[in-house]
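Asker: Give me a model of this one.
(chains A, B and C)
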Amino acid sequence: ADLDVIRLELEEFIPHVKNISDISIRKMAGRDLARFRKFKKQGIAVKFGRFTQKENKQIQKNIEEFLSVTGIESAEKLLFSHRYPEEKRTIQRLKTKHQFCEKLSEGIPRPWRLIYYRARKIYDPNNYKGKYSEEEKQKLLRYQATHGNDWKKISEMMARSNQSLARKYSQIKSAINSGPWSKEEVQKLLHAVEKVMKKRIEETETKFIPSSETSSKHLLIEREKLYQNLPWAEIETQVGTRQWRQCKQKWLTILRTKMNKGKKVFRGKEGLQMKINLIKRLYELEVEDANDINWTEVCSAIGDFPSAYVQAKFYKLKVSCVPLWRRKTFS
DNA sequence: ACACCTCTTTCACATACTAT
DNA sequence: ATAGTATGTGAAAGAGGTGT
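Answerer: Predicted coordinates for the structure are as follows:
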């Protein structure tokens, strides 16, 4: 009952709170709710999605301040104290004494945990290591065979982040097909997508309409549900011969072709107009940071696509037409 | 109860290559 | 030049821990 109250209060800040498990809710209840209220008083909404430049800078500032207050030497010691067994206890005490959590999340309207993740990513020397070499891949396969999915252990042995290793392993663990899709593969993919889509509809139906008389045959599906947040791991196992990323990309291509009735909308004169519309729309948004773009909105304004398709288009446009784009900010 | 941590799944950004 | 495909990697957000 208590949890329901908290859930209700959180809903104001996190619209999708319904889908979050009790365990996560309980964790947000303590500190975050109070922080969210404080931000609300200042008229600041809770943020999601990728961190903006500004937020990243704020994290760095918060870390530096904390280091200077406590006298801890480096951000790595602060955020990865288990790598320094002798100093671990001292660091921990300093953290509690000077309210590390509060200080780290200062000025950033997000759940504490997510800010903490972000900070660890920024300051992990095992992050940003670039491409895996052939030897590294072999090593990874070997280590996984002996240690299982103990990524932390493997991480210490290979000087790569846990996440990077976990994902890389799932990429190289088994052989898969590549190149154009065969007819059977496409059929399998379509079947798999249909299946998960139906399952999903059944779930929402039983949730909102308990009476079972809604088994009418027209399946109306919201546009975004066709491509957002599909269970790709499940689809991968059903297709069998392709990785989930290949499945996802193929599905997106099929979907886009259907949505545009086979027309190649970015070709020729019309294509040029499409690009102009896209740029205009982005300009009108007046957002400061590229991470603040609402792609769903942009998409619906210029045509009918899965948002990832337009995002990819914009990327290509940017890279091919804007000199020195890497050094430029979005605004 | 709370501070802190790990693993998994999915999405985003970036780039390369080939066929048309 | 564009579309399709493949794939490198960083990132977000979820579930579910441990230790004090």
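Asker: quick one, phi/psi of A:Asn294?
Answerer: Backbone geometry at A:Asn294, expressed as degrees, to the nearest 10, gives phi -90, psi 100.
Asker: Who are the packing partners of the helix or strand where A:Lys199 lies?
Answerer: Using DSSP states H and E, A:Lys199 sits in helix A:183-208. Applying 3 or more C-beta pairs under 8 Å, 6 or more residues apart in numbering; DSSP states H and E, one finds that helix A:183-208 contacts helix A:232-239, helix A:244-259. For the C-beta atoms, the positions are set from N, CA and C on the backbone; glycine is no exception.
Asker: how far is it from where the chain is centred?
Answerer: 23 Å (C-alpha atoms, centre = their mean, to the nearest Å).
Asker: what comes up buried for it?
Answerer: For helix A:183-208, the buried set under the neighbour-count rule, 16 or more other C-beta atoms under 10 Å, comprises A:Glu185, A:Lys188, A:Leu189, A:Ala192, A:Val193, A:Val196.
Asker: can you give me the helices in the stretch 51-200 of chain A?
Answerer: A:53-70, A:75-79, A:88-97, A:100-104, A:112-123, A:134-147, A:151-158, A:162-172, A:183-208 (DSSP state H, counting those that start in this stretch).
Asker: ok and the residue in the stretch 201-331 of chain A nearest DNA strand C?
Answerer: A:Phe266 (3.4 Å; C-beta to the nearest atom of the strand).
Asker: That residue in helix, strand or coil?
Answerer: coil (DSSP: H, G, I helix; E, B strand; the rest coil).
Asker: tell me the contacts of it?
Answerer: A:Met274, A:Lys275, A:Lys313 (C-beta atoms under 8 Å, 6 or more residues apart in numbering).
Asker: Of the residues you listed, which are in range of DNA strand C?
Answerer: Of the residues in the contacts of A:Phe266, proximity to DNA strand C by C-beta under 7 Å from any atom of the strand holds for A:Lys313.
Asker: Just the buried residues out of the contacts of A:Phe266, in ChimeraX syntax.
Answerer: In ChimeraX syntax, the buried subset of the contacts of A:Phe266 is picked out as below (16+ other C-beta under 10 Å):
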select /A:274,275,313
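Asker: from the contacts of A:Phe266, which is closest to DNA strand B?
Answerer: Nearest to DNA strand B among the contacts of A:Phe266: A:Lys313, at 10.4 Å, using C-beta to the nearest atom of the strand.
Asker: Just the pLDDT for the residue nearest to the closest one when sequence neighbours are not counted.
Answerer: Leaving out its chain neighbours, the residue that sits closest to A:Lys313 by C-beta to C-beta, 6 or more residues apart in numbering is A:Phe266, at 6.4 Å. For A:Phe266, the model assigns a pLDDT of 78.
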